[in-house]
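Undergrad: whatever this is, show me its structure:
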Amino acid sequence: MPKLNFTINVSLKSFFADNRTRAKLFIDENIKNISNLEEKITRIFGIKHFYLLNNGQLLPSCEDIRILDKDAVIRVVPNNFLPPKLLLDDEYYVIDDDIVNNKNKKKKH
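TA: Here you go, the predicted model:
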C-alpha cells in the first residue's frame, strides 16, 4: 500500500538567502514520483534546472515518491552538469586501456 499524505522538509539554501531557504511541503496522492515533486517545487518557488538529494543521494526523476520517508530532508541543488554537446567530447571521459584492449581482443577472435 503506498504511503501518501505526509510532509517533507525542503532545503533551498542553494537558491535563496531569505525565509525560502527552508520549507515544508505536503506529499499527497497527486505526487506519484520524484518528477511530480520537482514540478511542484518549480511551481511554488519559480526555480528550474535542479536535482534533488536525500541524505546526499540523488533522487532520480523517474523514481516512485514512496522512496521518501515522512519528514525527510530533501536538498534542492542547482543543475551544473555539462551541456550535452560537451558530454560527447572524448576529453571528458576516462578510458581504461585494459578494458578497451580486452574488448578489442574479444572482437578479433
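Undergrad: okay, and the helix or strand of the chain with the least pLDDT?
TA: Across the helices and strands of the chain, mean pLDDT, DSSP states H and E gives its lowest value to helix 97-108, namely a mean of 50.
Undergrad: list the buried ones in the helix or strand hosting Arg75?
TA: Applying DSSP states H and E as the criterion places Arg75 in strand 73-78. Across strand 73-78, burial judged by 16 or more other Cβ atoms under 10 Å covers Ile74, Arg75, Val76. Glycine gets a C-beta too; all of them are placed from N, C-alpha and C.
Undergrad: go on, stretch 26-41?
TA: Ile27, Ile31, Asn33, Ile34, Leu37, Glu38, Lys40, Ile41.
Undergrad: kindly provide the distance from the first one to Leu12.
TA: If I follow you right, that is Ile27. Using Cβ to Cβ, to the nearest Å, Ile27 is found at 17 Å from Leu12.
Undergrad: cool, and the fourth one?
TA: Look at Ile34 and Leu12: by Cβ to Cβ, they are 16 Å apart.
Undergrad: quick check, Phe15 in contact with Phe45.
TA: Yes. Phe15 sits in contact with Phe45 when judged by Cβ atoms under 8 Å, with a separation of 7.2 Å.
Undergrad: centre of the chain versus the helix or strand where Val10 lies, how much separation?
TA: Using DSSP H and E, Val10 sits in strand 6-11. From the chain centre to the centre of strand 6-11 is a distance of 15 Å (Cα atoms, centre = their mean, to the nearest Å).
Undergrad: neighbouring contacts of that strand?
TA: For strand 6-11, the surrounding residues in contact (Cβ atoms under 8 Å, 6 or more residues apart in numbering) are 21-27, 41, 68, 70-76.
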